[in-house]
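1. got a sequence here, can you build the structure:
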Amino acid sequence: MATVQDLLRLLQEAPQFVQNLLAESRASVPWLAANPSAPLDHICLRVGSADEYPLFKQSLETLGAVLLTEHPVGGRPIATYKLSEEHAIHVEDPLWPGDGGEFGNVPKVRSIRVLELPSPKPGRFYATGWEHVEVAVGGVISGVDLVEVVRGAVAMGDAERDAAALVCLNAFSGDALNAGVVYDVSAMSKGGFNIDLRFSGKGWAVKFHWIPLEKVIAIETSE
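-> Residues are numbered from 1 along each chain as shown. Below you'll find the model as predicted:
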């Protein structure tokens with residue numbers, strides 16, 4: 001099922017999912033533990049069947065979420081929504097310093113409002129539920145405020161953006177704190193400036209990319 005009540009239940013469960021993910025991933029990924037100011041810019045909700053996908057879309061829109069984009073990837077659609085303030089996901093994190101912006105103004109409380117909703121790939125089965133979060137590392141890696149990194153990305157041409165994203169993630173993976181950490185690098189070869197590195201645990205994954213997904217979408221849709 002994929003009713004509004006089902007979605008509300010999942011949204012209520014999301015903070016605990018993220019807290020568990022942070023605790024477990026920080027134990028395995030020293031860079032993440034050492035850089036708590038890197039924002040969690042979006043969360044991914046998997047659905048168990050292609051039939052559920054439009055129902056969850058409808059439920060999100062009923063709750064006031066705004067569709068940012070929907071496009072085919074790997075033979076199935078992926079929709080990205082911005083949750084209403086009322087239904088934003090707030091996660092207690094004692095290491096979060098607060099950013100004075102959209103990812104959690106209040107220290108120790110992260111805010112996630114962007115939700116990625118993929119339809120299942122043909123022939124693949126997923127249990128309906130939260131799958132991963134993504135971390136925007138561009139600010140921390142460059143030593144520049146993330147707002148400025150995004151502003152720079154907007155001003156770049158396509159090739160320059162792609163190169164900047166690659167440089168950022170190469171610097172991230174080459175950081176001494178990542179020595180010995182094994183990342184899934186398969187998405188590095190997809191091209192573009194939203195490439196990512198993935199680290200998976202039991203029942204969760206965390207991905208690292210250059211700039212927040214909402215900003216990626218804004219750049220792509222403005223061109």
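
2. isn't residue 95 right up against residue 35?
-> No. Counting by Cβ atoms under 8 Å, residue 95 stays clear of residue 35, with 9.5 Å between them. C-beta: built from backbone N, CA, C; applies to glycine.

3. looking at the two, which is more packed in?
-> For residue 95 versus residue 35, neighbours defined as other Cβ atoms under 10 Å are more numerous around residue 35 (18 against 15).

4. ok, the closest residue to that one other than its chain neighbours - contacts?
-> Spatially, and ignoring its direct neighbours in sequence, residue 35 is nearest to residue 140 (5.0 Å; Cβ to Cβ, 6 or more residues apart in numbering). By Cβ atoms under 8 Å, 6 or more residues apart in numbering, residue 140 lies in contact with 35, 37-38.

5. can you check residue 4 too?
-> 59, 62-63.

6. just the closest of the residues you listed to residue 44, please.
-> Closest approach to residue 44 among the contacts of residue 4 (Cβ to Cβ): residue 59, at 16.2 Å.

7. what ranges of the protein fall below the confidence cut-off?
-> Residues of the chain that meet the criterion pLDDT under 70 lie in 1.

8. just the strands in it please.
-> Along the chain, the stretches classed as strands by DSSP state E are 40-46, 66-73, 76-82, 89-92, 109-112, 114-118, 129-136, 197-201, 204-209.

9. those: which one's closest to residue 18?
-> Closest approach to residue 18 among the strands of the chain is made by strand 89-92 (4.5 Å; Cβ to Cβ).

10. that closest one pairs with which strands?
-> strand 109-112 (antiparallel) (DSSP bridges).

11. I'd like the strands of the chain laid out as CSV, including distance to residue 178.
-> Output for these, formatted as CSV (distance: least, Cβ to Cβ, whole Å):
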stretch, distance to residue 178
strand 40-46, 18
strand 66-73, 27
strand 76-82, 27
strand 89-92, 24
strand 109-112, 22
strand 114-118, 24
strand 129-136, 13
strand 197-201, 9
strand 204-209, 10
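
12. now these in a markdown table, with mean neighbour count?
-> Output for the strands of the chain, formatted as a markdown table (neighbours: other Cβ atoms under 10 Å):
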| stretch | mean neighbour count |
| --- | --- |
| strand 40-46 | 22 |
| strand 66-73 | 13 |
| strand 76-82 | 19 |
| strand 89-92 | 18 |
| strand 109-112 | 21 |
| strand 114-118 | 22 |
| strand 129-136 | 22 |
| strand 197-201 | 18 |
| strand 204-209 | 22 |
